[in-house]
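J.: this is a predicted model, with the sequence first.
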6 protein chains.
Amino acid sequence: MRPSQRQPNELRTVTLTRNYTCHAEGSVLIEFGATKVLCTASVEEKVPPFLKGKGEGWVTAEYGMLPRSTGSRMRREAASGKQSGRTQEIQRLIGRSLRAVVDLKALGERQITIDCDVIQADGGTRTASITGAFVALTDAINGLIAEGKLAASPIRESVAAISVGIVGSTPVLDLDYIEDSGCETDMNVVMTAAGQFIEIQGTAEGEAFSRAEMNALLDLAELGIQQLIEKQNAALAA
Amino acid sequence: MRPSQRQPNELRTVTLTRNYTCHAEGSVLIEFGATKVLCTASVEEKVPPFLKGKGEGWVTAEYGMLPRSTGSRMRREAASGKQSGRTQEIQRLIGRSLRAVVDLKALGERQITIDCDVIQADGGTRTASITGAFVALTDAINGLIAEGKLAASPIRESVAAISVGIVGSTPVLDLDYIEDSGCETDMNVVMTAAGQFIEIQGTAEGEAFSRAEMNALLDLAELGIQQLIEKQNAALAA
Amino acid sequence: MRPSQRQPNELRTVTLTRNYTCHAEGSVLIEFGATKVLCTASVEEKVPPFLKGKGEGWVTAEYGMLPRSTGSRMRREAASGKQSGRTQEIQRLIGRSLRAVVDLKALGERQITIDCDVIQADGGTRTASITGAFVALTDAINGLIAEGKLAASPIRESVAAISVGIVGSTPVLDLDYIEDSGCETDMNVVMTAAGQFIEIQGTAEGEAFSRAEMNALLDLAELGIQQLIEKQNAALAA
Amino acid sequence: MRPSQRQPNELRTVTLTRNYTCHAEGSVLIEFGATKVLCTASVEEKVPPFLKGKGEGWVTAEYGMLPRSTGSRMRREAASGKQSGRTQEIQRLIGRSLRAVVDLKALGERQITIDCDVIQADGGTRTASITGAFVALTDAINGLIAEGKLAASPIRESVAAISVGIVGSTPVLDLDYIEDSGCETDMNVVMTAAGQFIEIQGTAEGEAFSRAEMNALLDLAELGIQQLIEKQNAALAA
Amino acid sequence: MRPSQRQPNELRTVTLTRNYTCHAEGSVLIEFGATKVLCTASVEEKVPPFLKGKGEGWVTAEYGMLPRSTGSRMRREAASGKQSGRTQEIQRLIGRSLRAVVDLKALGERQITIDCDVIQADGGTRTASITGAFVALTDAINGLIAEGKLAASPIRESVAAISVGIVGSTPVLDLDYIEDSGCETDMNVVMTAAGQFIEIQGTAEGEAFSRAEMNALLDLAELGIQQLIEKQNAALAA
Amino acid sequence: MRPSQRQPNELRTVTLTRNYTCHAEGSVLIEFGATKVLCTASVEEKVPPFLKGKGEGWVTAEYGMLPRSTGSRMRREAASGKQSGRTQEIQRLIGRSLRAVVDLKALGERQITIDCDVIQADGGTRTASITGAFVALTDAINGLIAEGKLAASPIRESVAAISVGIVGSTPVLDLDYIEDSGCETDMNVVMTAAGQFIEIQGTAEGEAFSRAEMNALLDLAELGIQQLIEKQNAALAA
C-alpha cells in the first residue's frame, strides 16, 4: 500500500481553479493532492528578437518555487542571483510541451508567457505545472478570440503530464514527495489527448530499469493522462 | 468619493487566513481588498555569521511579487539575476519593523525568516506584508513555545502597518493601486499596539506637503492601525 | 552635552566648495563636520528609454562610499558585483528629492545624473548628499542657460536635507556617527525652502517613538534646513 | 538514404583516444564522426560540503563548447557570465549517468570531476560526452587502484549513450547535426552494458510520436549502445 | 642546464597545424613543446556598436583554459560566472597585438574574433596564442579574398610573441611552466617580422632587474621571434 | 612644444598630501598635474585564505575611477556589476609593484589593502596610483611600528612609476590625457630607488616601435622616477 493509501494506478485528487487571480489573461490554480501551483498566462503583443517580423508567435514558460513551499526553506532564487539548473530544466520542459500543441503561425506575432509558481510542493510540481498551464493558455487564447484578435484557436490539441515511477519494485502513478524521494526510477510523461508522446524523461535514481518496467510505467502514464485531460475539459467547460 | 466607494477614513476589507500552506512554522494569507500576500515564517536553529556565539537570535524578511501579480507582467527577479532597489527597500523595512517588537536575546540563537510573496497586487503590498508577517511570526514563536524550545514569548507587542496619502487634496486611508498612482503624497506608517511609531516614510510624489497635512495623515494612520491590530488579535484568537 | 560639544539644536560646520573637480557640469564638495561628499552633476543630451520622445527630461542620482571612507574598510561594491540595499535606498532617495523640485518638462529631453561619492564618512552622508547635490544640479542647469540650451531654470525651489534623532531621550539635530550608532530614533527629513516636506523617513532603532517626540524632531529639522538653505544660497551667490 | 550515406541503424565512425592530454588522471578524446569531445577526469581528495564526513565519494561533470566548435560562433559562456540552461541540463545528465554505475561508498571520500569540452560539434555531443566520460572515469579509477588508494574498482558496470530519432518518418540511429535540426522526434538513451536503462529523454520536436515509434527508437538505441560498449572495452584493453 | 635540457637561447619544438577543426574560417593548433592552444578565427559581417557606420572593421580576441589543461584542475570560468583578471589581461593583449598589424579600414565593416583555447598548458600560453592567432587570422582573411569579399589583404606584416626570463640569474628563451614558476623576471615580447616592438611586458617576480638584464632579454626575444615568424611562414606556405 | 607647454623631459607638478582623510592607516592624495588620486592604506590583522598559517603577510590593491572623474561620465562599475578588464589590469599592477618592495615574511600575518580612487583624471592615473600608494603604505607600516606591532620596517626600498611615450615621433615624459590619446607608443615603467625595474609595459598604439625608441623612453623614465622618489622622500620627511 502506498503512503497515501492510494492504489498503484491511482492519481491524487486533482483540482483546477480558473480565474484564481484577477490580472492575468489566464490564471489557474492546479492541485495534485497537496501540490499547489499557480499558472498564469500573460499575453504580450510583441515577440522575442529572433522572431521579429516572421509573422509567428511564441509561447514560453517560467517556473519558480516560493521559498517555503517545501519542507525546509529553500534559498530565494532572486536573492541568490540565478535560477538553478533544475529550475531552468523545468521551465524549458513546460515551454516545449505547450509549443508542441500550438500552431505558432496561427497565433500571430504575439507572445504568451506562462508563469508556474509553486505555492506548496508535495512532488509532481512539473507535471502539475504543464497540466495547469495548458488550461491557463487556453483561457488566454479564448480571450484573444473574444476580443476579436484571433479568428480561431491556434491550439491543435490538449496536453497534460504526469509522473510515474518504480517504488519498492512496484510501478506507481503520480508520485508524491515521499515516494519521489525513495523511488528507484522516476519518469515524467507529457502526452496529447490523442495519446501521442510529447516528452518522456525517465531516470534511474537507484538501479537501472528494464524495457519491461518502462512499458509498465508508460501504461500507467497513459491511464493518468487520460483522466487529467478529462479534468482539463471539465474545468474549461465550467 | 473614492474610486472604491470608501470613506476617506475607511480601510478595505482585511482578511487574515492562518495555516494557508502546510510546511511553514507560520503561514498567513493576508488580504487588503484585492491585495493578497502570502506571509510564511521559517524557523532555523542557526544565526547569521555576524551573530554567531552571541546568544542572540535574528528576525529577517524577504519580499517578492509573482510576475503576474500586477496589471502587466513584471520581469521575474530570479531571471533578471537581481532584486530591484524597491524590493530591497521593502524587505529591509519589513525586517526592521518586526525586529522592533522582538526581544532578540530572549529568542535565543535561532533565526526566523519571513517570506512575503505577493500573489495579487492592488496597492499597499508592503503594509499588508508587515501586518500579515506579524501574525505568521507569532504563530512560529507559539510553535517554539509549544515544542518547549522557548519558555515565554520574546514578542514585546503587536505591530501593524498602513498607508495613508493625499489624493486630490483629501487625506485618505489605505490607498489602493488607482489612488496610489495618482496621489500627491504617499506615507507608510508602522505602529505598535500602544500607538507608538516604528517607521514613518512619507514621500511627496507630486507637490511637497505641509506639517498640517502630515498631522492629518498620521491621525488617519493611527485610526487604521488600531483596527488592524484588532484584526490580528481576532485572527490569533481564532 | 553631545560628544561633539554641540547644543542639541546645533548643526556641525557646513562647507560647500563649488568647482571641486574640473570635468563635471556641476561639482561640489559638501562637508557636514568630518563628513565629506563629492557631488557631481553630469548633463547628457538623451533620456532613459521610458521617456524617449515624451519631451521630458530626467534627474537621477547614484551614491557610493570609497572603501576606506569609514572607520574600518568596507568591501568595494564594484568588486562584490552589486550595490547593497542601503546604497540603492539612498540613491533612490536623492533622485526623488531632486526631481521633486525640478519641472522635468521644462528641462527638455536631457538627463542630469548626480553622483554622490563619500570621501569621508561621519554620519549624515545621505542628507549631506542631497544638500550638496542640489547645488551641483543648480550649477549644471545654470551652465545650460549660459550655453543657451535652456531659456529659464526648470528648478522650482531649493531643497536640502538633515537628520534628526533621539539620543539618550534628547532630540538632537544633525547626528554624527557616534550619535547615529547609539540613537533610539533616527529621522531624515528633506524639505523645500518654503518649509514643505518632500520626504520624511523616521525609524525607531531601539524603542518606538511617540507623536510628541516626532513633533520635537520635526521642529529641529525645520530649523536645520533653513540654515542649510542659507548656506546653499550663499555658496551659489559666491 | 541519410545525408551521411549511412543505413538507418548505422553508427558514425567512433574513435576513442586515451591519454589525449597529459595532466588529467583520465583524458579521452571521443569522436562520433565529426563530433569531437575531450573528456578529462580529475581526482580530488575532498568531497562537496553536503557529503563531508559521510564516508562517501562523489562523481560530477561539467560541459562546455568551444565558441567556434559550431557552424557559427557561439558566445563564450565565461564572457556572458553564466552557463545556459542547455549546458546545465547536459552536465547534470552526464553526472547522473556516471553516478548510476559507481558505488559512491566504495569510492571513499574523494571527488572525481569529468570535464566534457566540445572541440568540434556535429550533433550528439551529449551522448559522445557520456560515452567518453566513462572511459576517462575508468582510467582515473584504475590510477587510484594502481597507487594503492583503492583496493577494488567501485565501478559496477559500463555505461554508454546514443541518440536516436525520427527523420522524415524513418527511425534512425546516431543523428548528425543536419538530421538533428530537421528531425520530428529526438531521443537520447543512456544504457548499461547489461542492457538496462539509466536515462531516456525523448522530445517531439515537430509532431508527437506514438508508442510504436518509441519502441522502434529504443530497439535502435540498444543496438547502438552495444557497439559503443564494445568500443569502450576495446579502448580500455589497448 | 635547463630542466628541458635546452640551451638558454633555444625555443621548444614549435608546431603549427592548420585546419585543425572544420567550422572556423581559420583554425590552428599551435604547440610550444607541451603547451597546446587551439586558435580559431571567426568572421562576422558586423562590427561592435562603437564602430557602426564608420567603414572600419575590428579584430578582437578571447582566451580560455580548459579546466584540466593544467596540473591541478582550475575552476571553469563559465561556472564561476566571470573571467579572471588574468584572462582579461591576456585576451586584451592578444587583441591589441593583432590589431597592430591589420589595417582596420581596409578590412571593411566586419569583425574577426580569435578564440584562443588552451588544451594543455606548460608555460607560454599567451605567447603561443598570439603566434598561432596570427596564422588563423591570415587564413580567415585569405578566405575573404578567395570569396571576393576583399581585394587585397589588410594585414601589414607578421606578428609573433615569445616569453623570456631570468632563471637562476641566466637569461633564457621560451620558459616552460617549471621555469616560469621559479623565475626572477618574466617578460613577454610581441614583435613584427621587421623586428619592431608591439608590446613589451616585463615583471620582476622576485628581484628587480637591471637595464643590462633587460637588454639581454630583448636580444633573446628578437632571436626567438625571428624563428617563430619563419615557422608561421612555412605553415602558411604549406 | 607639448600641449601643456612642458619640455619633453619635464614632469607635471607633483604634489603629495598625507593624511588627506582621517580613518585610514595611510591616506595620501597624489596629484600629477590635473590628475588626482586618493590612495588609502588599510591594515587588517588577517590574511587571504591561501596564506593562512604560513606566517606571511599580503599587500594588495584596488583601483576605481569616480564616474565623473573623466571628461564624459563613465558608468559606475558598482552599478554595472563588474570591474572592467582595464580596472583589473591596473589594480593587479599596483599590487605587484608594491609587493616587489615589501618583505612579506617580515610583515607578519596581516594584510594591507591599498585603495586607489581617481578623483580627477588627466592621464597617468596608474603611475600616480603606484607612486602615491607607496607613501600611503609607508605611513601604514610606520603606524604598525609606532604601535609596537612591528619591530622594523619590512619595506626594502622605495618604488615609483611614470609613463613615457612617443608623441608625434618625440619621446616625452609623463603624458597627460591629450598626449595619451594621440600617442604612437605608450609605456608605463615602475622602478625602485636604486634604478632597477619592477615592471615595464610598453604598447604600440599606432606604429610598432624600435629598440632605439625604447631606449630613449627608458632614459626618460629613469629621469622621471628619480624625481618622483625625491618627492616621496620629501613628503615622508615632512
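T.: Right, received. Where do you want to start? Numbers count the residues shown, from 1 in each chain, chains lettered A, B, ... in the order given.

J.: what's the pLDDT at the closest residue to residue A:13 other than its chain neighbours?
T.: In this structure, residue A:13 finds its nearest non-sequential neighbour in residue A:33, 6.0 Å apart by Cβ to Cβ, 6 or more residues apart in numbering or on different chains. Yep, even glycine has a C-beta here, placed from its N, CA and C like the rest. Residue A:33 carries a pLDDT value of 98.

J.: what residues are up against residue A:33?
T.: A:4, A:12, A:13, A:122, A:176 (Cβ atoms under 8 Å, 6 or more residues apart in numbering or on different chains).

J.: what about 10 Å?
T.: Residues near residue A:33 by Cβ atoms under 10 Å, 6 or more residues apart in numbering or on different chains: A:4, A:6, A:11-15, A:120, A:122-124, A:128, A:174, A:176-177.

J.: again, but for residue A:110
T.: A:43, A:44, A:45, A:46, A:47, A:56, A:57, A:58, A:59, A:144, A:149, A:150.

J.: which ones among those lie within helices?
T.: residue A:144 (DSSP state H).

J.: need the residues of chain A near chain E, please.
T.: A:81, A:82 (Cβ under 10 Å from any Cβ of the partner chain).

J.: look up how far chain F lies from the residue located most distally from the centre of chain A.
T.: Going by Cα atoms, centre = their mean, the residue of chain A most distant from its centre is residue A:53, 29.8 Å out. Distance of residue A:53 to chain F, computed by Cβ to the nearest Cβ, to the nearest Å: 31 Å.

J.: what do you get for residue A:87?
T.: Residue A:87 is 21 Å from chain F, by Cβ to the nearest Cβ.

J.: please report phi then psi for the closest residue to that residue other than its chain neighbours.
T.: In space, and not counting its chain neighbours, residue A:87 is closest to residue A:63: 5.7 Å by Cβ to Cβ, 6+ apart. With angles defined as degrees, to the nearest 10, residue A:63 sits at phi -130, psi 140.

J.: tell me, what's the model's pLDDT at residue A:63?
T.: Residue A:63 is given a pLDDT of 98.

J.: now do the one 5 residues further on
T.: For residue A:68, the pLDDT comes out at 98.

J.: for chain A, which spans come out with low pLDDT?
T.: Within chain A, no range satisfies pLDDT under 70.

J.: point me to the residue of chain A nearest chain C.
T.: residue A:81 (7.9 Å; Cβ to the nearest Cβ).

J.: burial of that residue, as a residue count?
T.: Using other Cβ atoms under 10 Å in any protein chain shown, residue A:81 has 17 neighbouring residues.

J.: check contacts around it.
T.: Contacts of residue A:81 (Cβ under 10 Å, 6+ apart): B:77, B:78, B:80, B:81, B:82, B:83, C:81, C:82, D:82, E:81, F:81.

J.: re the thing from before, ok, of the contacts of residue A:110, which come out buried?
T.: Taking 16 or more other Cβ atoms under 10 Å in any protein chain shown as the criterion, what is buried in the contacts of residue A:110 is A:43, A:47, A:56, A:57, A:58, A:59, A:144, A:150.

J.: CSV for the residues you listed, including distance to residue E:70?
T.: Below are the buried ones among the contacts of residue A:110 laid out as CSV (distance: Cβ to Cβ, whole Å):
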residue, distance to residue E:70
A:43, 51
A:47, 44
A:56, 46
A:57, 48
A:58, 43
A:59, 45
A:144, 56
A:150, 57
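
J.: which parts of chain A are helices?
T.: Under DSSP H, chain A gives helices at A:77-80, A:85-99, A:104-107, A:125-146, A:177-182, A:211-237.

J.: restrict the second one to CA atoms and write it as PDB.
T.: What follows is helix A:85-99, C-alpha atoms only, in PDB (Å, rounded to 0.1, in the frame of the first residue of the first chain):
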ATOM      1  CA  GLY A  85      19.800  24.200 -13.300                       C
ATOM      2  CA  ARG A  86      16.700  22.300 -12.100                       C
ATOM      3  CA  THR A  87      14.500  25.500 -12.500                       C
ATOM      4  CA  GLN A  88      15.800  26.000 -16.000                       C
ATOM      5  CA  GLU A  89      15.200  22.400 -16.900                       C
ATOM      6  CA  ILE A  90      11.600  22.500 -15.700                       C
ATOM      7  CA  GLN A  91      10.700  25.800 -17.400                       C
ATOM      8  CA  ARG A  92      12.300  24.700 -20.700                       C
ATOM      9  CA  LEU A  93      10.200  21.500 -20.500                       C
ATOM     10  CA  ILE A  94       7.000  23.400 -19.800                       C
ATOM     11  CA  GLY A  95       7.600  25.700 -22.700                       C
ATOM     12  CA  ARG A  96       8.400  22.900 -25.200                       C
ATOM     13  CA  SER A  97       5.300  20.900 -24.100                       C
ATOM     14  CA  LEU A  98       3.000  23.800 -24.800                       C
ATOM     15  CA  ARG A  99       4.600  24.900 -28.000                       C
END
